[in-house]
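*Asks:* Pasting the sequence and the predicted model now:
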Amino acid sequence: MEMQMSGSYVAIVVVTGLIVVFIVLILLIWIVQIMGKIFSSIDKSKGNNPGDAAKKKIDTAVNNTPAPIVEDGISDEIVAVIAAAVASVMGTGYAIKSVKKSVDKSSSRRTAWGTQGVIENTRVF
């Protein structure tokens, strides 16, 4: 027993489904925005400003750590990215003392990524 559906019936079902999905997404966006406003107003009324604590932490960390020794040819942006990666993985309490290039390109034919790829793809099962 097969049920035959006309093209107009299928189109109506598809359009109705899309409309319902987008209405629900819009409602979710509004709910999240309202919740954000409610929580930020609660924080302001309590006098808690999370930005102040973060600024104090950053100022303390910046003032207590010496600048790392950087090899020529490494930009400040690269040092900042390395510092951010170390901070996100290791947490607080760690400092970068120096930044050096790991491989001289003239002496090696593969980069560190290429070497790791060879190791990963040729290891024994």
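*Replies:* Structure received. Worth saying up front: this structure is predicted, and the values here are computed from it rather than measured.

*Asks:* Domains of this protein: list them as residue ranges, please.
*Replies:* Domain assignment for the chain by automatic domain parsing gives 1-48, 52-125.

*Asks:* Check what pLDDT residue 49 gets.
*Replies:* In this model, residue 49 is scored at 61, pLDDT.

*Asks:* That should have said residue 1, apologies.
*Replies:* Per-residue pLDDT puts residue 1 at 54.

*Asks:* Repeat that for residue 99.
*Replies:* pLDDT at residue 99 comes out at 80.

*Asks:* Ramachandran angles for it?
*Replies:* For residue 99, the backbone dihedrals (degrees, to the nearest 10) come out as phi -130, psi 120.

*Asks:* Contacts only, for the nearest residue to it once chain neighbours are set aside.
*Replies:* Spatially, and ignoring its direct neighbours in sequence, residue 99 is nearest to residue 70 (4.9 Å; C-beta to C-beta, 6 or more residues apart in numbering). Every residue, glycine included, has its C-beta placed from N, CA and C. Contacts of residue 70 were listed using C-beta atoms under 8 Å, 6 or more residues apart in numbering, and they are 76, 79, 98, 99.

*Asks:* which two from those end up farthest apart in space?
*Replies:* Pairwise distances across the contacts of residue 70 (C-beta to C-beta) peak at 14.4 Å, for the pair 76 and 98.
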